[in-house]
Structure formats: structure tokens, C-alpha cells
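[1] my questions are about this predicted structure, shown below with the sequence.
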Amino acid sequence: MEKWPPVYDASYHPQPDSPYWFVEIETMDPEQREQTIILPKLQQQLKYAYAHSGLYRKKWDAAGVKPEDIRSLDDFEAIPILTKDDLRADQAEHPPFGSNLCVSYNEMARVHGTSGTTGNPTAFGVSKGDIQRIAETHARVMWAMGVRPDDIVFIGSFFSLYWGSWGTMLGTERLGATAFPFGAGVPGQSERAIEWMVNVKPTVFYGTPSYSLYIAEKAKAMGYDPAKDFNFRILFFSGEPGAGVPSTRKRIEETYDAVCLDSGSTGEMAPWMTDGECSRRQGMHLWQDVVYAELVDPETKKRVPYGEEGVTVYTHLERNSQPMIRFWAGDLSRWVIDPCPCGRTYPRFPQGIYGRADDMFIVRGENVYPSAIENVIRGIDGFSDEFRIIITREKTMDELIVQAETLPEVPADQIPVLQEDLANRLKAKGLRTIVKMMAPGSLERTEFKAKRIVDERNLYDEITNKA
């Protein structure tokens, strides 16, 4: 085992014609990689965390497990799962970073964190060494996507506590490409972004799928054709499941005449791009020698076999500042170990991440995933890229309302035809819905993560109880 955590050679670059960053590691027999790279790194990470993190020492002692008990990846399932609530409680007791900050303030390079939109914000202290390792991993995954030093990478997401933009910029700079950190979220910025795209001709786009479609809609309104007037050959995304939704991917690729690639896990797991698709577009690889991913049953918390669906649980293997170990990310996917045409031998999410365990909703006893509705809407010509899912309750019965916009050029007599087509296709998926047609441009657009689900059932219950 080499020194842990690893110190990468910042001057190293693969040969330009190589599809791999580290060919031996990426094409290694999976079992050999598990035994010679992943397990030794994992054991080192566990020992380090137990020695430096009060959070893990307390949690593992309560579970009766010690790092030396973990002699195999099967043994690793004895380590208790870590949740966002665990992190928030620990940081409330030991502000601001919690008892899981394993380095001194002098060793920190960055402070990042969550927005706190679904609870109290979580603070992340990131060491100088971890920043270098994050840059290395993101460069490696972007290389697999086909990004090269002669590319210009347009970064179209918020530069804030959000990790996505910064991780992309770190990876771009480490890879040797040109970073174009345009950002997002400033009023009027989208129009300026389009002008910059036309003039500078960046070749790679990063942001959310919603923002790419929003930019395309704006560009067309300004008289531009994104496929002809821009110069993108690769668009890669995180933050939403859209890039893994077949009809959304198809729409992005046809709009920009470029390749759409999916990536991303969660901010806690930076480098978040360790779920990252390669240029062959066969689903996201799990770069297990950097972040060890498991897919577990949501009820039993036991690892599911390849070929089955489960919820993501992640473990840092190289993090010395604030390691996440068996962190419950809550993303839903299915994993396989089938060979990828690219030659890499990592497990993959062939359909990407298609939802979150807490995003799935139940209507009249049926499990409903928003991505399934998105796939149907964006697979029908004549609808815009915006939609809303409204769940309401009429007396004791739940109702599922889908609000969908038509494109401005759709003739009025075709709107009822589209409405019926959408309702029938959703019904064929087992979804009883009320389809409500909306005027073009009436639904709110976003430059970041779209919020397309509105559950009004709790409001109905509150009103009923008060009455």
C-alpha cells in the first residue's frame, strides 16, 4: 500500500490519444482492484477516522465495531450508516464543523456547505490535500468523458457554497483545459451567457440539465440556433437526474448537436464526480478506488446484488479533512458490473441516478418517480421543456395533476390532441393523471435545480383538521 492519503503527481498527464487517465487501475480485474487497492485504502481510512473523528469513534463504539474488525468488504457492512441528520446533530453540538473535522484550521483550504433548503445547512471544511485529490479525480473523470487540454469548459452553475461549479473548475484546471467560469443566477446573465457562447465558442458545457434547456430556449428567442451558433461537443451535468432520463438526454443532444453525459452524487461526497459517465454513454461509472459506492436495500440497509435497484451509500477512500463513511446519499439507481465498451471495469448505473428515495411519492398506492413523468413529456414533440407535478387530495382520494406547456408554434387545434396523447401515455405507465395544458412560458424557469413537484396533501389535511 502506497502512502495514505495519496499525493498525486500534479505534472502527470496521460498521452492525448489515451482514453484512460490511469489505464492499469481503470481496466483492472474488479476483484483484484477490490483486494489490492480498495480494501487497503478503506482500512487506512477507517483507522484514520477512528483516531481523529469524535463522531465516528462515538458512533462505532456504540455499534460495537472497531476498524481492525474490517478484514473484507463484506465485513464493512458492519459499519453503521451515516445520515444527514447525524451530521446536522453533530454540528449543532460541535459548531461549526462538528467533531468530524479531522484537520486543524491551518490545514483547511476551503469552506463549503449545503444550502440548508431541506434543513439546517451543513458546513464542510476541506483540507489543502483534499482539494488536490478532488482536482485529480475530477480531471480523471472528465478525461473519460472526452475532455482534453484544448477544450474550453463553460461552467454554468452557481459559484457559492455549492460544490458543483468549484469541482468542475478544479478538474478543468488540473486536466489542463481552459476554464470559463461564467456562473449563473444573476438577473440578465443568461442573455449575456448566450452572447459569450456565440463569441468565445466554448466546447464543453457544465451545469444542470434544466439550465441547458433554459439557455437553449432563451437563445432561440434571441434568434440563435444552439446547434449551429454555439460550439459545444460535450455537455455534462449534475444536480438533477435529467441527463440520465432518455427523452431529456435526446432533447439536449438534438438541441445542441453534442453529446450529453451524466455525473454526480452529492455535495457531502466531493469529489462528487465519482459517479461519472464515460464518452461511450453507457451509464455512470462508479470510480470505486476513490469513493467506494454501495447500493443497499432501503429497508434492510444490506447491499443488493448487481442487477438490482437500491439506494446509494458512499465512502471516501482518500479524504483526510472531513471523511464521509457509509454516507446515506439517498439516490435511487440500479447497478451492474457488465463490461463497458470503453474497457473500464467499474460497476455502472446504466440508467444513471433516476431519483431520490425521498423524491418518490405514493399516489393511490402506486410508487411514482418524477423522472418517469419527465421521460414521457419530453418524448412527445410539441411540449416545452417545463412541466409541474401537483399532488393534491380531494376528500379522501389523492389526485395527480401534470401541468405541461406547449410550444408557441403549436396550433390551437392540436393542443387537445397533445393533451390526450400525454394522458394516454401516462395511463399506459400505470399513472392516473389529470393533464392540465398551460400557456407557453407560463411556468417558472430556473437557472439551477428545477423544483417541479408540489405536494399539496399536507395543506389539505391541515385545513380539514382545522375545520
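    Ah, there it is.
[2] contacting residues for Arg249?
    With contact taken as C-beta atoms under 8 Å, 6 or more residues apart in numbering, Arg249 is in contact with Gly242, Ala243, Cys260, Asp262. Every residue, glycine included, has its C-beta placed from N, CA and C.
[3] likewise Pro416?
    Counting by C-beta under 8 Å, 6+ apart, Pro416 has no contacts.
[4] among the contacts of Arg249, who's most crowded?
    Neighbour counts for the contacts of Arg249 (other C-beta atoms under 10 Å) peak at Gly242, which has 28 neighbours.
[5] could you check the pLDDT of the residue lying closest to it once chain neighbours are set aside?
    Leaving aside its sequence neighbours, Gly242 sits nearest to Pro209 (C-beta to C-beta, 6 or more residues apart in numbering; 3.2 Å). On the pLDDT scale, Pro209 is placed at 90.
[6] mind listing the strands for the stretch 101-250 of the chain?
    108-113, 123-127, 152-155, 178-180, 204-207, 234-237 (DSSP state E, counting those that start in this stretch).
[7] please apply the same query to the stretch 301-450 of the chain.
    Applying DSSP E, counting those that start in this stretch to the stretch 301-450 of the chain gives strands spanning 309-316, 327-334, 348-349, 355-356, 361-363, 366-368, 383-394, 397-406, 434-438.
[8] the second one - contacts with which helices or strands?
    Here strand 327-334 touches strand 309-316, strand 355-356, going by 3 or more C-beta pairs under 8 Å, 6 or more residues apart in numbering; DSSP states H and E.
[9] in terms of mean pLDDT, which of the ones you listed ranks lowest?
    Among those, strand 355-356 has the lowest mean pLDDT, at a mean of 74.
[10] strand partners (parallel or antiparallel) of it?
    strand 327-334 (antiparallel) (DSSP bridges).
[11] give me the contact list for the partner strand.
    Contact with strand 327-334 is made by 81-84, 265-266, 268-269, 295, 307-315, 349-358, 360, 369, as judged by C-beta under 8 Å, 6+ apart.
[12] restricted to buried residues, select the residues you listed in PyMOL.
    The following PyMOL line selects those of the contacts of strand 327-334 that are buried, judged by 16 or more other C-beta atoms under 10 Å:
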select buried, resi 81+82+84+265+266+268+269+295+310+311+312+313+314+315+349+351+352+353+354+355+356+369
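[13] any idea how far Arg140 is from Pro271?
    9 Å (C-beta to C-beta, to the nearest Å).
[14] between those two, which is the more surrounded one?
    Applying other C-beta under 10 Å to Pro271 and Arg140 shows that Pro271 carries more neighbours, namely 28 against 25.
[15] right, and that one touches Thr137 too?
    Yes: using C-beta atoms under 8 Å, Pro271 makes contact with Thr137 at a distance of 4.1 Å.
[16] joint contacts of those two?
    Joint contacts of Pro271 and Thr137 (C-beta under 8 Å, 6+ apart) are Val290.
[17] ok, back up a step: turn the helices and strands packed on strand 327-334 into a markdown table, columns for distance to Lys58.
    Formatted as a markdown table, the entries for those read as follows, by distance: least, C-beta to C-beta, whole Å:
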| stretch | distance to Lys58 |
| --- | --- |
| strand 309-316 | 18 |
| strand 355-356 | 28 |
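[18] quick one, which of the strands of the stretch 101-250 of the chain is packed in tightest?
    Ranked by mean neighbour count under mean count of other C-beta atoms under 10 Å, those are led by strand 204-207, which reaches a mean of 29.
[19] distance-wise, check the spatially most central residue of the chain relative to Phe327.
    Geometric centre of the chain, nearest residue: Gly264, 3.1 Å, by C-alpha atoms, centre = their mean. For Gly264, the distance to Phe327 equals 15 Å [C-beta to C-beta].
[20] kindly report the same for Thr122.
    Applying C-beta to C-beta to Thr122 and Phe327 gives a distance of 11 Å.
[21] try Pro95
    Counting by C-beta to C-beta, the gap from Pro95 to Phe327 is 20 Å.
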